[in-house]
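# below are the sequence and a predicted model for it; my questions follow.
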Amino acid sequence: MKTAELVYRESITDVDDRNELVMRELPQVYYIAARIHERLPEHVEMEDLVHAGIIGLIEACQNYDSSKNAQLSTFAKFRIRGAILDSLRKLDWGSRELRKQGRAITASNGKLSSTLGRQPLQEEIAADLKISLDKYQSLLTQLDGLHLVSQQCDPRLGSDESQDLIESAHSGGGDNPFDLCLKTEEREHLAQAISQLSEREQLILSMYYRDELTMREIAEAFGLAVSRISQIHAAALIKMRGLLSEIRENKHARARSEVDGVQKRTQRLSTVGSEA
């Protein structure tokens, strides 16, 4: 049995090791917090994001298992970001009116896409909503922050509440063939939707999500204002949501058509068999 003194010394060592890990990964907290902060409304304090990120980092260090094949920096990155986004969700700084306007923009985009046979221009959406182009672009900038902390999909039929894509996502099933097939299908839908965006929209999404550049860095690369890049990003996400819905609806329509065809052929065969 270990003596009380030995247990005490080991606990102190564990605490010191965790503190060292926290201090080593602390710059990552400031980087992630700054990257998120630049897309949020001005009243959201950078210090609050850093505080939430540090809590996430401490939890990551406490739960980190060095025996597993994963680096602490990678493990901590997701927990830091998750802790910051969790804190923003609790603030719920997106007003009900802003969320309502966001749903109206999505609905207008879908309606005009069906009518025009192409993705509508910003001027066309603004005219459909009976607001000025400046007002529409201002809404896009505000909505871009909402996309960050609340990855929403369209509300269920008969409900005004949107679903969180993360919470409603299908749980991972490892090597389950059905899950692997579903994942592949979703990737194909996403790739098809992205291919229908403009070249500039595709490039901005690629630079932001794949290359992990900040909005400011992307703005410098394009020679545009940060607010303009934010507007393009938000508009691209709205387009993609509409395109994904259209792709799924077309797929379901084809599936229903095939089922109807099989049923009709089965009925004809049954009729012929009974007559014989």
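The structure has been received and is ready for your questions. Just so we're clear, the structure is a prediction, and the values are computed from it rather than from any experiment.
# could you use CA atoms for every contact and neighbour count after this?
Will do.
# now do the helices in the stretch 151-276 of the chain.
Applying DSSP state H, counting those that start in this stretch to the stretch 151-276 of the chain gives helices spanning 165-168, 177-195, 199-205, 215-222, 226-275.
# let's verify residue 74: helix, strand, or coil?
Look at residue 74: counting by DSSP: H, G, I helix; E, B strand; the rest coil, its state is helix.
# list the contacts for it?
Under the criterion of Cα atoms under 8 Å, 6 or more residues apart in numbering, residue 74 has no neighbours.
# separation between it and residue 62?
To residue 62, residue 74 is 15 Å away according to Cα to Cα, to the nearest Å.
# dump the helices of the stretch 151-276 of the chain to JSON lines, plus mean pLDDT, distance to residue 104 and mean neighbour count.
Shown next, in JSON lines, are those (pLDDT from 0 to 100; distance: least, Cα to Cα, whole Å; neighbours: other Cα atoms under 10 Å):
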{"stretch": "helix 165-168", "mean pLDDT": "38", "distance to residue 104": "19", "mean neighbour count": "11"}
{"stretch": "helix 177-195", "mean pLDDT": "74", "distance to residue 104": "21", "mean neighbour count": "14"}
{"stretch": "helix 199-205", "mean pLDDT": "91", "distance to residue 104": "21", "mean neighbour count": "16"}
{"stretch": "helix 215-222", "mean pLDDT": "89", "distance to residue 104": "25", "mean neighbour count": "16"}
{"stretch": "helix 226-275", "mean pLDDT": "79", "distance to residue 104": "11", "mean neighbour count": "15"}
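# which one of those lies nearest to residue 37?
helix 215-222 (10.6 Å; Cα to Cα).
# show me what that closest one is packed against.
Judged by 3 or more Cα pairs under 8 Å, 6 or more residues apart in numbering; DSSP states H and E, helix 215-222 is in contact with helix 226-275.
# can you say which of the helices of the stretch 151-276 of the chain is nearest to residue 28?
helix 215-222 (17.7 Å).
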